[in-house]
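A.B. asks: Fold the following.
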Amino acid sequence: MSNNGKAITLGITGTIGSGKSAVGAILSDLGVPIIDTDKIVHMLLNSNSEVQQLVTERFGKSLLISTASGEKQIDRKALGALVFNDAGARRDLELILHPRVRKECRRLTADFATNGATVVGALVPLLFEANLKSEYDEVWAVIADDAKLRERLKLRDGLSDTDIECRLKAQMSQNEKAKRADKIIDNSGDLAQTREQVALRLHELQLKV
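C.D. replies: Below is the predicted model:
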């Protein structure tokens, strides 16, 4: 199927622990190239000298650390601790990162489209918070039963109930994300049930090509 060098862009969002990565993996299995914006952020902090300079000017030179191979990168854990409970600091960091993440997403999407992809997906945790809905032709919100979501965070990340509460409160609620999305993927059940929903939604999307 020819795409005339264009692809439908699909934004996938959801709160921490909802299952965005699982949905992304299913889409990848179904032949959809997936862009992970968290990986782009890591790349920028690890190897982009301009970003590293801006971050250290704002948050302190001690954040720039040397790796075992002698390369310089931002200490993401220390940076996260600085911005987690400071809305102003978080906004400043987002002003540095978001435009560059958006630019890289556009570049990757264009590359995938040139190589024949008809749909390109992007995992974007803060899609609504960063006002990025207009970047995508369709947005899916991945949701999960609250108790199961919290259980996953305990098992996967080893978080305490207090830590989980803090992280969930720092993000837009599942209900609000679901309201703003074009489609919802309910990841409360097993993987087979999630896969069935993803396959159906993808088929509907491909009919628009």
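A.B. asks: which residues of this structure fall in strands?
C.D. replies: 8-13, 34-36, 64-66, 72-74, 119-123, 138-143, 183-186 (DSSP state E).
A.B. asks: could I get these as JSON lines with distance to Ala81 and mean pLDDT?
C.D. replies: Every residue, glycine included, has its C-beta placed from N, CA and C. Compiled in JSON lines, those are given as follows (distance: least, C-beta to C-beta, whole Å; pLDDT from 0 to 100):
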{"stretch": "strand 8-13", "distance to Ala81": "24", "mean pLDDT": "97"}
{"stretch": "strand 34-36", "distance to Ala81": "23", "mean pLDDT": "98"}
{"stretch": "strand 64-66", "distance to Ala81": "14", "mean pLDDT": "93"}
{"stretch": "strand 72-74", "distance to Ala81": "12", "mean pLDDT": "94"}
{"stretch": "strand 119-123", "distance to Ala81": "23", "mean pLDDT": "98"}
{"stretch": "strand 138-143", "distance to Ala81": "27", "mean pLDDT": "97"}
{"stretch": "strand 183-186", "distance to Ala81": "32", "mean pLDDT": "97"}
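A.B. asks: nearest to Arg150, of those strands?
C.D. replies: strand 138-143 (13.4 Å; C-beta to C-beta).
A.B. asks: Please render the strands of the chain as a markdown table that adds mean neighbour count to the earlier fields.
C.D. replies: Converted to a markdown table, the strands of the chain look like this (neighbours: other C-beta atoms under 10 Å):
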| stretch | mean neighbour count |
| --- | --- |
| strand 8-13 | 24 |
| strand 34-36 | 20 |
| strand 64-66 | 12 |
| strand 72-74 | 17 |
| strand 119-123 | 24 |
| strand 138-143 | 24 |
| strand 183-186 | 18 |
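A.B. asks: and stretch 148-165, how far out from the chain's middle?
C.D. replies: 19 Å (C-alpha atoms, centre = their mean, to the nearest Å).
A.B. asks: typed the wrong thing, it's stretch 57-69
C.D. replies: 24 Å.
A.B. asks: Stretch 7-17: end-to-end distance?
C.D. replies: Separation of the first and last residues of stretch 7-17 by C-alpha to C-alpha, to the nearest Å is 28 Å.
A.B. asks: quick one: that stretch to chain centroid distance?
C.D. replies: Worked out by C-alpha atoms, centre = their mean, stretch 7-17 lies 7 Å from the chain centre.
A.B. asks: list the helices and strands the worst-scoring helix or strand of the chain on mean pLDDT packs on?
C.D. replies: The weakest-scoring helix or strand in the chain, judged by mean pLDDT, DSSP states H and E, is helix 161-169 (a mean of 85). If contacts are counted by 3 or more C-beta pairs under 8 Å, 6 or more residues apart in numbering; DSSP states H and E, helix 161-169 sits against helix 146-157.
A.B. asks: which secondary structure elements does the helix it packs on contact?
C.D. replies: Here helix 146-157 touches helix 161-169, going by 3+ C-beta pairs under 8 Å, 6+ apart.
A.B. asks: Pull out the buried residues from the helix it packs on.
C.D. replies: For helix 161-169, the neighbour count (16 or more other C-beta atoms under 10 Å) marks 164, 167-168 as buried.
A.B. asks: could these go into JSON lines alongside distance to Ala117?
C.D. replies: JSON lines is the format used below for the buried residues of helix 161-169 (distance: C-beta to C-beta, whole Å):
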{"residue": "Ile164", "distance to Ala117": "36"}
{"residue": "Arg167", "distance to Ala117": "33"}
{"residue": "Leu168", "distance to Ala117": "34"}
